[in-house]
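Asker: sequence first, then the predicted structure, then my questions.
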Amino acid sequence: LDLLGHVAMAKIGGYSLPTKCSKSFQLEGSQYEAAMLEQQLTQQVELVKRDIDTHRKRASSGRWLPSRQLALVDTPKGSIWQTHGRVSNGELLLNPLEALYLLEHGNFIVTNEDHVMSTEEAYKVMLSGGLHLEHYQVYAHLTRAGFIVYDNSQSGSCLMLDVYKPCKNFKKSQLGSPYGRVLVVRPSDPFPDKRQLVAMETTSLLLYAVVDASGNIAYYEVQTGHVHQLLI
């Protein structure tokens, strides 16, 4: 029944979900009542299935490549590929953060060996090989905010992301300097020393993203000799 919640007021393919009148009686447990409830539930489930089938036809599809820790896009659809994925040797590839984000938002269907990967499986499979949930939380937060985000490099449990502002003429093949650079860490990770900060040096905004155990993200701007928190 939880599956029906997100479509409670939706209209799908010209059909409306069955309406319910105000409850003004007590159920008696009759066969008639059971049949009517079963009929309404069946109608709702069928509408949800239509919604899922329609959405899948619009979604891109691809395969997870375990040995490369990447997703190969076989059938790209829509405009999302103007900002997501990278082309290598004629292949459109997604890193795990991109693949998980698009899968979770219903834009990408991924097969893993002989089955379609669920969101739960994707979290387990894609957030491995050094990537952590905290890395994804920051990536997803920045992407939802409208930024274009690419992974830059990783050192231990720290991941650096390059962040670009969306623009009409954005080209993945000509990225240029990012608007900002974000280093994703956990509270237990040590603050970058001077040597690491110099390696991260950029003419763009430099942020330090700390994710706590509850998934809350705090952004700190790093400037010469100063670090202060941003309310993002």
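Answerer: Structure received.

Asker: isn't there a helix covering Lys124?
Answerer: Yes: assignment of Lys124 by DSSP: H, G, I helix; E, B strand; the rest coil places it within a helix.

Asker: backbone phi and psi for the closest residue to Asn152 other than its chain neighbours, please?
Answerer: Spatially, and ignoring its direct neighbours in sequence, Asn152 is nearest to Met160 (4.2 Å; CB to CB, 6 or more residues apart in numbering). C-beta here means a position set from N, CA and C on the backbone, and glycine is covered the same way. As for Met160, its main-chain torsions (degrees, to the nearest 10) stand at phi -100, psi 130.

Asker: what is the neighbour count of the residue lying closest to Glu134 once chain neighbours are set aside?
Answerer: Leaving aside its sequence neighbours, Glu134 sits nearest to Val211 (CB to CB, 6+ apart; 3.9 Å). As a burial measure, Val211 scores 22 neighbours (other CB atoms under 10 Å).

Asker: ok, now how distant is Val211 from His132?
Answerer: Val211 is 9 Å from His132, where distance means CB to CB, to the nearest Å.

Asker: what's the closest non-adjacent residue to Asn112?
Answerer: Spatially, and ignoring its direct neighbours in sequence, Asn112 is nearest to Trp64 (4.6 Å; CB to CB, 6+ apart).

Asker: element containing the one you found, please.
Answerer: Element membership of Trp64 [criterion: DSSP states H and E] is strand 60-65.

Asker: run through the bridge partners of the residue nearest to Asn152.
Answerer: In this entry, Met160 is beta-bridged to Ser153, Leu183, by DSSP bridges.

Asker: pLDDT at it, what is it?
Answerer: Looking at Met160, its pLDDT stands at 87.

Asker: ok, it - how many residues close by?
Answerer: Per other CB under 10 Å, the neighbour tally for Met160 reads 17.

Asker: cool, and Leu92?
Answerer: 18.

Asker: show me what contacts it?
Answerer: Residues near Leu92 by CB atoms under 8 Å, 6 or more residues apart in numbering: Leu72, Val73, Pro76, Trp81, Gly85, Arg86.

Asker: in the protein, what spans have low per-residue confidence?
Answerer: Confidence mapping of the chain against pLDDT under 70 gives the ranges 1-28, 45-57, 192-204, 223-232.

Asker: element containing the most centrally placed residue in it, please.
Answerer: Taking CA atoms, centre = their mean, the centroid of the chain lies closest to Tyr101, which sits 2.0 Å from it. Tyr101 is located in helix 96-104, with elements delineated by DSSP H and E.

Asker: CA atoms only for that helix, dumped as CSV, please.
Answerer: Output of helix 96-104 as CSV, limited to C-alpha atoms (Å, rounded to 0.1, in the frame of the first residue of the first chain):
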residue,chain,number,x,y,z
PRO,A,96,29.0,5.3,-9.8
LEU,A,97,27.7,8.6,-8.3
GLU,A,98,26.1,9.6,-11.6
ALA,A,99,24.7,6.2,-12.2
LEU,A,100,23.2,5.9,-8.8
TYR,A,101,21.7,9.4,-8.9
LEU,A,102,20.0,8.9,-12.3
LEU,A,103,18.8,5.4,-11.3
GLU,A,104,17.3,6.7,-8.0
